[in-house]
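Fold the following.
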Amino acid sequence: MATQQPAAPHNGSDHNPSPACLLLQCAEVCYRATLATDPASIVRAQYIMDDILAAARAGGFAQGDILATLLARNEVTARVRQMAEAATAAAGESALRGIVAKYQTR
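Sure thing, here's the model as predicted:
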């Protein structure tokens, strides 16, 4: 059985998690949702996660399907964290900024 790891490291700010952390947090909302979780939040998290993985694939990340499966298992291991970092690096800063802007609420 895989050892649970804490979420991906933050980039030093409580308000701006690293892109990999954002991906892992979205997966947690999707796959660990409780009855108290707002359904709209689950849908938004799924869209963000899907967009990040699509951008990663477009950037050359070939393990998007594997990462999606591992995220659905909701076991954040060192391997999953490394893959999330690689995926968000492949997605690129410009694509990630666009995704965040697309789903920001004011």
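
So for the chain, the centremost residue is which one?
residue 23 (1.0 Å; Cα atoms, centre = their mean).

you'd agree that residue is up against residue 88?
Yes. Checked against Cβ atoms under 8 Å, the pair residue 23 and residue 88 is within contact range at 6.1 Å. For the C-beta atoms, the positions are set from N, CA and C on the backbone; glycine is no exception.

any shared contact partners between these two?
Shared contacts of residue 23 and residue 88, defined by Cβ atoms under 8 Å, 6 or more residues apart in numbering, comprise residue 52.

Could you pull up the contacting residues of residue 19?
52, 88, 91, 96.

just these now: which is nearest residue 58?
Minimum distance to residue 58 across these is 7.6 Å, recorded for residue 91 (Cβ to Cβ).

quick one on the thing from earlier: and the contacts of residue 19 as CSV, adding distance to residue 76, pLDDT and neighbour count?
Formatted as CSV, the contacts of residue 19 follow (distance: Cβ to Cβ, whole Å; pLDDT from 0 to 100; neighbours: other Cβ atoms under 10 Å):
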residue, distance to residue 76, pLDDT, neighbour count
52, 16, 98, 27
88, 15, 98, 26
91, 19, 98, 25
96, 20, 97, 19
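
What are the buried residues along stretch 98-106?
Buried residues in stretch 98-106, counted by 16 or more other Cβ atoms under 10 Å: residue 99.
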